[in-house]
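Colleague: Turn this into a model:
(chains A and B)
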Amino acid sequence: MKSSHEENKIQRFISLTECTPKLAKKYLQRNQWQIDYALNDFYDSELGGFVDTIPKDVKYPQELIDMFNKYSPNGDEIDIEGVMAFITDLGLKLEDIVTICLAKLLDWNKLTDPITKDQFLSNWYVQGCSRIDEMKIVMQDLKNKLVSDSKYLAEIYNYTFDLIIDDDAKMLDLNTAIEYWKLYFCQDLERNAVLKIDPKLFADWVIFLETENQNDITKDCWMMLLEFFKRYPTVDSVAEDYDENDPWPYIFDEFYEYLQETKGI
Amino acid sequence: MTEMLPRSDDLEATWNFIEPGINQILGHEDAHKQTSQDKRVDKILSPTMYMEVYTAIYNYCVNKSRSSGQFNTDKPSNQSSILVGSEIYEKLKNYLKKYLLNFEKNPEETFLQFYVRHWKRYTVGAIFLNHTFDYMNRYWVQKERSDGKRHIFDVNTLCLITWKEVMFDPNSELLVNEILDQITLERDGTAIKRGDITTSIKSFVMLGIDLQDLKKLNLNVYIQVFEKPFLKRTEEYYRQYSVNYLKTHPVTDYIFEAHTIINREEKGMAMYWDDHTKKPLSETLNTVLIKEHIEKMEADFVTLLDSRDNNKISALYNLLQRDFTLLPKLATAYEDYVRRTGEHEVSRLIEAHKAAVMSSAPEGANPKKLAMTAMHSFPPKEYIKRLLVVYDTFRVITYDCFDNDVLFTKALDNACRAYINDNEFALPPGSSRSATSKTSEMLAKYSDQLLKKSTKPEIAADMSIDDIMVVFKFLTDKDVFESHYRRLFAKRLIHGTSICDQDEEAVIQRLQSENSMEYTGKITKMFQDVRLSKILETDFDMMVKQLPDYSRKKYPELQPFVLAENMWPFSFQEVEFNIPQELESTYTKLADMYINKHNGRVLKWLWPLCRGELVANIGKPGRPPFHFTVTLFQMSILLLFNATDTITLETIQDKTGLSLQNIAASMVPFIKFKLIQQIPTGLEALVKPDTQFKIAQPYKALKTKINFAGGVKNDILNALQHNNGNGSNNNDPNNNGAQSKNGANADGNTMTENELIEKELNSERQIFLEACIVRIMKAKRKLPHTMLVNECIAQTHQRFNPKVSMIKRAIDGLIQKGYLQRCDDGESYSYLA
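Modeller: The predicted structure follows:
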């Protein structure tokens, strides 16, 4: 027994979301038939599914396909040179964090892997981009997001480890790790709203790893380092608050000891 | 007699009749002034008078009752009117008041004496009076009270209440002050009349009458009037006293004095007060005598312990245990003291030992090196014994002085654990944080001394398994002990130097019951290996003797050891070696026999551990042949000289297949004992291919039995068995690197061995911890960090005390290996199947 009033709302909901009547009813019901709340709920819950389900028979814009062909000599995938050219055209450099955002956006597994046609087309299609200037805007947005959205930063940061590690390796070579850490922890601090690290602390961290011959960085260490710096952004904060009984990886305990021994904290 | 009695319905007549009797019963004020004769007259009169008075009262009550109603009426309300007594009760009440007011104090007596004198007489009288009025008490009084008239009492109570009103209430302060003054006098040591005090204080209790329920004892009067001022006076008195006493006496004397005081107050003077006072008095005494001087006594505690005077220590404990809140601090001080004593004793032993080493050293020896030597030669027996002496001393003190109080036994345990594991020798200052206590190693050596055959059996005379177990109980690094113990045990087994199997077994048994089956697993297996090897030896001997081509020459006597892999502290390493022809057939036959018996098992031969005995007939003609104890490698070299007198190094290498290092190490003792002459001489030439070696013919040595194997400066483990023995076993392959460093000096070797043990130990601990974490996480699935760490420590402490850093590293390792992952809450881990 649906009242015509409810029926009406279901119709409006469907017109906005293009979902099934059943789903529309479900969301409306659990939001007391308040259409605004129901819409919010719907988008919050169903958004993930949305992006993934690109219809198989989608027609990509010709502009986008042309762009892919521009970078892909064989028409199947963009090889490393094409990638470099693409990055340059976007106004980026390989050693930019934004490039890692790009890699994430395009679902790169490894930095050295080529980009397949499907990867390129579908991901940009989802972003609604088909021209380089549109893509540039997206990249600029992501760049801003990096310094304002700490969740996004963590996502990109954690993704980095898998992106840059050698194929079969389980641990990351120290030098590579340091290069990439520099990107995250030595950037322009003024602009960064979510990560403010004392450069001295980071420098100490690097010196510590080098003097103690910690040549391999585990994923756990990589991931926890961001948490560590968030929690203790300065040498002083480490000195005051660090607790070896907290579940930090052991390497941070060693770092703490190192700071105690060398800096007298 | 009846005619003499008054009319039962005449109140005045009745009262007049009984009043003299009452007077008689209560006693006259001037009774004490009468002569003894008069007194007797009174007494003689009493029974008759008593009967008459009783009857008069009875008659009065009964008569009135009868005349005013019937007993058998059913209406309860009527009963009150038929029971009579109120008039005579009033008369009695007034009489008592007057009677008491008449008392006069003699000028020469104190109020206390006056009070007590009358009280004694009066209370006796009151009881008699009570009996006299028995009928009234039983009927009229009871009726009145049950009707709710609470101001009517039985006669005895009436007497007491009247006494309280007239005698006591107005004078209580004066009276109590006099009592307290008397008590103070007694405390000061003056003899007093204790009876007066006892009686007067008892009277306070008796005067505590609950108007609602006469049967209920009520201490209100006693507490208000006496106890409170008494406690206050006591407190003031002893506060002053103890302060003064301490000004002129040492604290130790004070402790005994306090005991004396408390004893006097609680035992000697206990008869004065009611039981109720016991507790508050104890508390008052505790406060004034103990708590207020606790700092001084605590400060004196160490002095007392230093004196080892059990009487004094126990006196202090007994004093302080009166207030249990004072004990934890004392126990902590005790723990601290025991620990420091233990540490100090070890340091003293080190000093003494160093001094001994120094004085026996030649002039001008490097003092640093001597100190090192001293530490290396530190005698295990003295060390362990010293640890035990401290333990025993304080165990006795804990028992004798602290009554085995839980707090103190715990303190002792903690202290022992501390000094036994951590002292100047066990963890020298500057040791790394991960260093393990040397006590474990020393205890293993101690056990070795006890269990090994020795040329000086008297050394082991005062050593015992119990000693081992006491120290073992306190070890934190039990796994280190196991590791060292196993090494030494292996040597004893292989060398056949155990005193007896029973003793060995006894120790293993004790270790097992103290710790776990798992703990002694390897040791037990080793024991078993040796037994099985003995059987193999016999079997093999029987087998070869039945061979058609048997001869002693072809099959020399053999003592084989087949040892299980990983159980023994020996490592297998591939060694270049050609077995000498003389041993070839033995070697193949034994291998065949063993493989046949145990299909599928793999034998690995530990050539460097083999030893043998050679008979060499190279002395002067007519002299008995020499017996050489040699390593297998030495044997293979010496056997070459059967064919020729002089051999080049190259040939030796060629024939034996040994490495240069092994040849050199084997050769050194020969050259040293002049069995073989090296041409040209010198260490450098020793390893040149064309260097020649010539055997001494005839060999001039004084002894016929010569041990060359001992001189081989290889790893200590290489010094192994006699009689062409073959050992086969294997251990952790990690050890290979260290073992191949042959020929270093002995000192260097022990260091290497220790490092090796430590390395092995650390990896074992890491594995143990990882296994432990996986076990826990498998059961719990998800666990916060702290709980995991605690659980881990709890499961591990039987073996060693894991440092949190070690546990963390194990967790890191498991995360890396994908067994665990961090949860989003930032403090928990979850288990990944």
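Colleague: I'd guessed B:Leu563 sits against B:Phe527; true?
Modeller: No - between B:Leu563 and B:Phe527 there is no contact under CB atoms under 8 Å: 11.2 Å. No exception for glycine: its C-beta is placed from N, CA and C like everyone else's.
Colleague: Give me the more crowded residue out of the two.
Modeller: Neighbours per residue (other CB atoms under 10 Å in any protein chain shown) separate B:Leu563 from B:Phe527, with B:Leu563 holding more: 25 against 19.
Colleague: roughly how far apart are the more buried one and chain A?
Modeller: Distance, B:Leu563 to chain A, using CB to the nearest CB, to the nearest Å: 37 Å.
Colleague: quick one: pLDDT of that residue?
Modeller: According to the prediction, B:Leu563 has pLDDT 85.
Colleague: go on, B:Ile676?
Modeller: 85.
Colleague: check which helix or strand covers the residue nearest to it when sequence neighbours are not counted.
Modeller: Excluding the flanking residues, the one nearest B:Ile676 by CB to CB, 6 or more residues apart in numbering or on different chains is B:Phe670, at 4.1 Å. Assigned by DSSP states H and E, B:Phe670 belongs to helix B:660-672.
Colleague: Buried by neighbour count: which residues of that helix qualify?
Modeller: Neighbour counts over helix B:660-672 (16 or more other CB atoms under 10 Å in any protein chain shown) mark B:662-671 as buried.
Colleague: Verify the contact between the residue nearest to B:Ile676 and B:Gln677 for me.
Modeller: No - using CB under 8 Å as the test, B:Phe670 is too far from B:Gln677 to be in contact (9.2 Å).
Colleague: count of residues packed around the residue in chain A that chain B sits nearest to?
Modeller: Nearest residue of chain A to chain B, counting by CB to the nearest CB: A:Pro247, 3.4 Å away. Other residues within reach of A:Pro247, judged by other CB under 10 Å, total 19.
Colleague: Next: A:Asp66.
Modeller: When neighbours are counted by other CB under 10 Å, A:Asp66 registers 11.
Colleague: can you tell me the residue of chain B closest to chain A?
Modeller: Closest point on chain B to chain A, by CB to the nearest CB, is B:His785, at 3.4 Å.
Colleague: Need phi/psi at that residue.
Modeller: Here is the backbone geometry of B:His785 (degrees, to the nearest 10): phi -50, psi -50.
Colleague: what's near enough to touch B:Gln816?
Modeller: A:170-171, A:218-220 (CB atoms under 8 Å, 6 or more residues apart in numbering or on different chains).
Colleague: What helix or strand is the closest residue to B:Val471 other than its chain neighbours located in?
Modeller: Leaving aside its sequence neighbours, B:Val471 sits nearest to B:Leu443 (CB to CB, 6+ apart; 5.2 Å). B:Leu443 belongs to helix B:439-451 when elements are defined using DSSP H and E.
Colleague: That helix packs against which elements?
Modeller: The contact analysis (3 or more CB pairs under 8 Å, 6 or more residues apart in numbering or on different chains; DSSP states H and E) places helix B:439-451 against helix B:380-400, helix B:465-474, helix B:478-495, helix B:501-514.
Colleague: what's the angle between it and helix B:478-495?
Modeller: Angle, helix B:439-451 to helix B:478-495, by axes from the mean of the first three to the mean of the last three CA atoms, to 10 degrees: 30 degrees.
Colleague: Of the contacts of B:Gln816, keep whichever come out buried.
Modeller: A:171, A:218-220.
Colleague: Nearest the geometric middle of chain A, what residue?
Modeller: A:Ile156 (2.9 Å; CA atoms, centre = their mean).
Colleague: Next up, the contacts around it.
Modeller: A:97, A:100-101, A:104, A:146.
Colleague: out of the contacts of B:Gln816, which are inside strands?
Modeller: Counting by DSSP state E, no part of the contacts of B:Gln816 is found in strands.
Colleague: Contacting chain B as well, which ones from the residues you listed?
Modeller: For chain B, the contacts drawn from the contacts of B:Gln816 by CB under 8 Å from any CB of the partner chain are A:170-171, A:218-220.
Colleague: Contacts made by stretch B:363-382 with the rest, please.
Modeller: Applying CB under 8 Å, 6+ apart, the contact partners of stretch B:363-382 are B:349-350, B:353-354, B:357-358, B:361, B:425, B:428, B:442-443, B:445-446, B:448-449, B:459, B:463, B:747, B:750.
Colleague: at 7 Å instead, please
Modeller: Contacting residues not belonging to stretch B:363-382 are listed as B:349, B:353-354, B:357-358, B:361, B:425, B:442, B:445-446, B:449, B:459, B:463 [CB atoms under 7 Å, 6 or more residues apart in numbering or on different chains].
Colleague: Residue ranges in chain B under the pLDDT threshold?
Modeller: B:1-4, B:8-9, B:28-46, B:63-84, B:364, B:713-753 (pLDDT under 70).
Colleague: Show me the domain layout of it.
Modeller: B:2-218, B:228-322, B:328-519, B:520-744, B:751-831 (automatic domain parsing).
Colleague: Which one of those lies nearest to A:Lys59?
Modeller: A:Lys59 lies closest to domain B:751-831 among the domains of chain B, at 40.5 Å (CB to CB).
Colleague: Distance from the closest one to the middle of the chain?
Modeller: 31 Å (CA atoms, centre = their mean, to the nearest Å).
Colleague: Same question for stretch B:134-145.
Modeller: 67 Å.
Colleague: Right, I'll leave it there.
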